[in-house]
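Student: I need the structure of the sequence given here:
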Amino acid sequence: MTAINSIATGANNTSATSQNDHISALKFITCGSVDDGKSTLIGRLLVDSKAVLQDHLAGVQRQGETDLALLTDGLSAEREQGITIDVAYRYFATEERKFIIGDAPGHEQYTRNMVTAASSADAAVVLVDATKLDWKNPGLALLPQTRRHSLLAHLLRLHSLVFAVNKLDAVEDPALAWQHIQGALQSFAQAAGITVRAMVPVSALKGWNVVDAHAGWCGYDGPTLLQVLEALPNTPADTALAPAFPVQWVEKFSSSSDTSQGRRVFWGRVAAGSFAPGTAVQIFPSGQLATVAQVLDHARRPKDVPAGTSAGIILDREVDVSRGDWILAAPAVAAPAEDDFDTPASVPAWPASRELRTTVAWMDDEPLVAGRVYWALHGHRWVKAKVKAVVHKLNINTLAEEAATQLDPNAIGHVDLLLQEAIPAAAFSQARVLGSLILVDTASHKTAGAVLVN
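Tutor: Predicted structure coming up:
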């Protein structure tokens, strides 16, 4: 397990990680199947890292015992049913790092909540309940939600995926169970093309290998789950790409007497590249050209702003820009042709298209079928999208692409979309923001699907 060894090395290199950990916290989610112990695991992380006050602990007692799951399950319906319904966020810190945890529900009908949490996370900890598996069988089958959540985390480009095998303390032969489950997870990840950062055997209830090590248990002597998390990198921003900026809000200060530049600030979060004064840009969809005169950070200080950071952009002249428009890198001029009469064509940095080949994680109760029309949100721009064809769906058990005419709730498949207007979309594998959309039902206004551009 070279990945685990590399994590162990990184966990011990505290001098290297501590240089960056004070700047950005690690955002990770816990996911997996129902009752795998996700909420209990987070409760254990909070308690053993001394992130919970005594009066808070006193409020999560049941029959004289501390119920760690209640530290995250805050909704009354969650406490009554003993399940997680909505994503609960918790914060804690160690001497090495700060963390933001999202406790995602395991029920299939709440997959949309898991997708929402994963879309903004750096890492995912997928819990596997050893007691639910045929752990004596070397060729055991994983639970569908374990596979589904792992695939979704992979599709959403989460930078790190960690498997935590829980409840091994409740089986007869923990070492044998760990060996067989670890082998099944490795086979699944290899077949799905998923890179696994680490696999750790844990007992969330007893706290073994969560924060404190339980040396030699299951024949495992690697880092604890917390040590693994402390060494994981944050998701790198798409800074090496051409600049792209979705406009979220337009601030007017027309009372200013300065006419040397535009008198509006366009606020939003940089999607790709970086913006600095002097950057040549083009407004989408109008096509107008301009130059960036000034860039403000979130505190209104003049500063070059990279991808993943909020910014305010002031152009060198007044240009018609509204919420939902994009400020993109100016087109590059193509090499001139041999014929002097031909004007060199310009090549857009982010070409716009109406037809998209996509991967869709379908989350609506009504199936996705060809011919249906939805609202699609790209950046902050709304356009109508028609489903041209459902190409195929992914069998999460065999990972095979199967012919399909529709996508049922919580299915994943390839879908061709036709948009009413062109948008500057890119492959999600290249640019996270420009390559992602959501589909919204035009009647109920419910989020219906997460779309990744292929």
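
Student: residue 200 contacts residue 223, correct?
Tutor: Yes. The pair residue 200 and residue 223 qualifies as a contact (Cβ atoms under 8 Å) at a distance of 7.5 Å. All C-beta spots, glycine's among them, are computed from the backbone N, C-alpha and C.

Student: my read is residue 422 is in a strand, agree?
Tutor: Yes. Looking at residue 422 with DSSP: H, G, I helix; E, B strand; the rest coil, it is inside a strand.

Student: so where do the helices sit in the stretch 351-454 of the chain?
Tutor: Defined through DSSP state H, counting those that start in this stretch, the helices belonging to the stretch 351-454 of the chain form an empty list.

Student: which one of residue 200 and residue 223 has more residues nearby?
Tutor: A side-by-side neighbour count of residue 200 and residue 223, using other Cβ atoms under 10 Å, places residue 200 first with 26 against 23.

Student: gap between the more buried one and residue 149?
Tutor: 17 Å (Cβ to Cβ, to the nearest Å).

Student: and what of residue 317?
Tutor: Noted for residue 317: a distance of 49 Å to residue 149, by Cβ to Cβ.

Student: of those two, which one has the most company?
Tutor: Set side by side, residue 317 and residue 149 give different neighbour counts by other Cβ under 10 Å, the larger being at residue 149 (27 against 14).

Student: and what about that one, helix, strand or coil?
Tutor: At residue 149 the chain is in helix, as set by three-state DSSP.

Student: so what's it up against?
Tutor: Listed by Cβ atoms under 8 Å, 6 or more residues apart in numbering, the contact set of residue 149 reads 31, 32, 33, 104, 106, 114, 124, 126.

Student: which one among those residues gets closest to residue 397?
Tutor: Minimum distance to residue 397 across these is 13.7 Å, recorded for residue 33 (Cβ to Cβ).

Student: dump the residue contacts of that closest one.
Tutor: By Cβ under 8 Å, 6+ apart, the contact list for residue 33 reads 106, 127, 128, 129, 132, 143, 144, 145, 146, 149.

Student: one step back: overlap of the contact sets of residue 200 and residue 223?
Tutor: The contact lists of residue 200 and residue 223 share no entry, where a contact means Cβ under 8 Å, 6+ apart.

Student: of the contacts of residue 33, select the buried ones using a PyMOL command.
Tutor: Remark: buried members of the contacts of residue 33, expressed as a PyMOL selection using 16 or more other Cβ atoms under 10 Å:
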select buried, resi 106+127+128+129+143+145+146+149
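
Student: would TSV of the contacts of residue 33 with distance to residue 374 and secondary structure be doable?
Tutor: As requested, the contacts of residue 33 are exported to TSV (distance: Cβ to Cβ, whole Å; DSSP: H, G, I helix; E, B strand; the rest coil):
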residue	distance to residue 374	secondary structure
106	27	coil
127	33	strand
128	35	strand
129	36	strand
132	36	helix
143	31	coil
144	26	helix
145	26	helix
146	30	helix
149	24	helix
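
Student: pick the one among the contacts of residue 33 closest to residue 191.
Tutor: When these are compared for distance to residue 191 (Cβ to Cβ), residue 146 wins out at 13.8 Å.

Student: how near is the closest one to residue 197?
Tutor: Look at residue 146 and residue 197: by Cβ to Cβ, they are 16 Å apart.

Student: max-length strand in this structure?
Tutor: Of all the elements of type strand in the chain, the one with the most residues (DSSP state E) is strand 381-394.

Student: report the rounded mean pLDDT for that one.
Tutor: Summarised as a single mean, pLDDT over strand 381-394 is 96.

Student: list the strands paired with that strand, with their directions.
Tutor: The partner list of strand 381-394 in its sheet, established with DSSP bridges, is strand 373-378 (antiparallel), strand 401-403 (antiparallel), strand 412-423 (antiparallel).

Student: got a list of what the residue nearest to the spatial centre of the chain touches?
Tutor: When the chain is reduced to its mean C-alpha position, the nearest residue by Cα atoms, centre = their mean turns out to be residue 119, at 2.6 Å. When contacts are counted by Cβ under 8 Å, 6+ apart, residue 119 touches 156, 436, 450.

Student: mind listing what residue 212 touches?
Tutor: Shown in contact with residue 212 (Cβ under 8 Å, 6+ apart): 48, 224.

Student: and if we set it to 10 Å?
Tutor: With contacts taken as Cβ atoms under 10 Å, 6 or more residues apart in numbering, residue 212 has the following neighbours: 44, 48, 206, 224, 226.

Student: how about those residues, which pair is most distant?
Tutor: The distance between the two most remote of these (Cβ to Cβ) is 15.0 Å, for 206 and 226.

Student: what about the closest residue to residue 276 other than its chain neighbours, neighbour count?
Tutor: Distance criterion Cβ to Cβ, 6 or more residues apart in numbering; nearest residue to residue 276, sequence neighbours excluded, is residue 304 at 4.1 Å. Other residues within reach of residue 304 by the criterion other Cβ under 10 Å amount to 14.
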